[in-house]
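Undergrad: dropping a prediction and its sequence here:
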Amino acid sequence: MRLGPKDLAACRKNPLWEAHHGLVDRVVCRKCGALLRICLGNKPGHLWTQHGISVEGYKAKYAGARIFSYQYIADRCGYDAPELMKRDLERHLPSRQLAECRKDPAWEARNSVIDRVVCRKCGAMVRSPMHGKNGHLWSRHDKLSTQIRKYGDV
């Protein structure tokens, strides 16, 4: 099963598409729109066998996109899958706000967000440092300098 072109275009712009659509036991491949039960995975997973790309390459292109379904994570870590989805939705900006935020380096100040910084790549509202070896960008994306070049100093 695959997403149609319109849904796939929307999915590519929204790292939380699965959560917004209540997909607990599926993850969407942002390259082709395939709905997969467990994960996109590395060799010999879907990303490698169907598209010839690594998980790292996929994450670089589709920042914040899921690799594993919520159910897969919940089963392995002892969590409740709907609760994981809810938590993700609470900790990320919706797509429309993220688009506005990416255009405005002072978005947090203009919107009275005082205790967090928004990651311009994935929309996560982060309390911890964005940079450094334990920072969000280091662990989830690329280096801070790349984000500053693309979205401005935040």
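TA: Received, thanks.
Undergrad: residue nearest the centroid of the protein?
TA: When Cα atoms, centre = their mean is applied to the chain, the residue found nearest the centroid is Gly64 (1.7 Å).
Undergrad: secondary structure element holding that residue?
TA: Secondary structure assigned from DSSP states H and E places Gly64 in neither a helix nor a strand.
Undergrad: what sits against it?
TA: Applying Cβ atoms under 8 Å, 6 or more residues apart in numbering to Gly64 gives the contacts 15-16, 92, 119, 121-124, 140. All C-beta atoms are positioned from the backbone trio N, CA, C, and that covers glycine.
Undergrad: filter the residues you listed down to the buried ones.
TA: Among those, the ones that count as buried by 16 or more other Cβ atoms under 10 Å are 15-16, 92, 119, 121-124, 140.
Undergrad: and these, which two are the farthest apart?
TA: The widest separation within the buried ones among the contacts of Gly64, taken as Cβ to Cβ, falls between Leu16 and Arg140 and amounts to 14.0 Å.
Undergrad: and the helix ranked longest in the chain, what other elements does it pack with?
TA: Of all segments of type helix in the chain, defined using DSSP state H, the longest is helix 81-91. Taking 3 or more Cβ pairs under 8 Å, 6 or more residues apart in numbering; DSSP states H and E as contact, the helices and strands that helix 81-91 lies on are helix 17-20, helix 70-77.
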